[in-house]
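# sequence and predicted model, in that order:
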Amino acid sequence: MALPIQNPPLMPAPAKKSWFRRERSTEEASGRSLVSPLSLRRPTGRALYWLIFVLLLGTTVITLGPIYWMYTGALKSSTELFQTPPTLWPAHPLWDNYSNAWDVLSFPLYFGNTLALAVGAVILQLVVSATAAYSLSKLNPAGKGIIQFSFFCTLMVPPVAYLIPQFVNISDLPLLHISLINNWAGVWLPSAASAFNILVLKSFFDSIPAELADAARLDGANAWQLFTRIMLPLSRPALAVVTIFTVVASWKDFLWPLLVLTDSNLQPLSVAIFRQSGINSNSPLPFTYLIAGLALASVPPIILFLVFQRQIIRGINLTGLRG
């Protein structure tokens with residue numbers, strides 16, 4: 001007797017969820033924010049959200065306000081620049097102020113000097129910082145803890161405190177007994193060993209798995225090959241962060257080049273603009289020309305940051321650096 005074939009009971013169809021709700025729930029589950037979506041449903045959470053928004057907006061205005069004043073002030077006349085109340089935008093923009101500042105300030109000469117100082121500082125700091133960080137991280141030298149602690153201690157000392165000892169050393173270099181006054185090397189050497197950059201790169205080297213180095217050693221790689229063929233290619237984000245920080249620090253450096261470079265043909269933009277501002281000049285330039293020169297000098301670091309901002313953020317996250 002044949003048994004009747006029974007169809008399996010139909011399973012109830014799962015409730016359809018709209019794509020928008022599913023996507024939104026995923027974002028709520030995985031998104032990171034200072035104020036959680038659940039807290040935003042409460043009055044205290046919304047109040048905290050708007051408070052943070054106002055604080056961030058105020059910080060943005062305070063940060064961008066001087067930059068806006070600089071670029072628009074360079075377009076004003078001297079009378080309009082100092083009038084009260086100030087104008088948000090020049091009544092009659094004087095675009096010639098930028099071209100006049102370019103010519104009067106000898107901008108190409110001093111821009112080249114600034115660029116040369118920045119490139120030299122980057123090369124020296126990358127070489128010294130990368131090798132020192134690699135030694136501390138992977139070679140485990142004797143007294144590693146003392147060396148690292150001394151680096152932290154130097155970060156606590158203000159640069160002005162060792163300004164005079166540095167100048168004495170540059171005036172009469174120990175052992176060699178030569179003077180680096182009016183020499184770009186006198187600007188490069190004191191900043192070659194940066195404790196901050198060494199610690200940043202060391203923290204990145206520490207995050208690289210030791211298995212990579214062990215595998216390279218099994219293949220016959222020595223310490224130098226391990227550094228140049230494995231560590232450096234993997235540390236490009238951290239090297240990019242160090243490069244950006246070094247360029248910005250060198251670009252805005254003023255006091256040390258002012259002391260070391262007394263020859264006007266060797267000075268960077270920061271010193272050249274100060275020298276022609278009227279404090280040490282018999283024929284001071286118009287204030288609008290000086291502001292235009294400062295605006296032109298600030299363009300390269302801004303462009304550099306806008307172009308490499310993703311690399312900077314990625315490198316900061318990878319190195320665990322916090323501002």
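Happy to help now that I have it.

# hmm, who's touching the helix or strand N169 falls within?
Using DSSP states H and E, N169 sits in helix 163-171. With contact meaning C-beta atoms under 8 Å, 6 or more residues apart in numbering, helix 163-171 is reached by 179-181, 186, 189-190, 255-256, 259-260. C-beta coordinates here come from the backbone N, C-alpha and C atoms, glycine included.

# just these: which are in helices?
Among the contacts of helix 163-171, the ones falling in helices (DSSP state H) are 186, 255-256, 259-260.

# pull out the buried positions in the helix holding N169.
Within helix 163-171, the residues that count as buried by 16 or more other C-beta atoms under 10 Å are 166, 170.

# mind listing the strands in the protein by residue range?
Shown for the chain, no strands are assigned by DSSP state E.

# what bits of it have low per-residue confidence?
Residues of the chain that meet the criterion pLDDT under 70 lie in 1-35, 278-283, 314-323.

# now for it: which helix has the highest residue count?
helix 43-73.

# would you list the phi and psi of L105?
The phi/psi pair for L105 (degrees, to the nearest 10) reads phi -80, psi 0.

# got the contact list for the closest residue in space to it that isn't next to it in sequence?
Sequence neighbours aside, G293 is the residue nearest to L105 in space, at 4.8 Å (criterion: C-beta to C-beta, 6 or more residues apart in numbering). G293 makes contacts with 101, 105, 107, 269, 273, as judged by C-beta under 8 Å, 6+ apart.

# closest to the centroid, which residue in this protein?
Nearest to the mean C-alpha position of the chain, by C-alpha atoms, centre = their mean, lies F245 at 3.7 Å.

# can you give me how far stretch 251-263 is from the chain middle?
20 Å (C-alpha atoms, centre = their mean, to the nearest Å).

# show me what the longest helix of the chain is packed up against.
Packed against helix 43-73 by the contact rule (3 or more C-beta pairs under 8 Å, 6 or more residues apart in numbering; DSSP states H and E) you find helix 37-40, helix 287-297.
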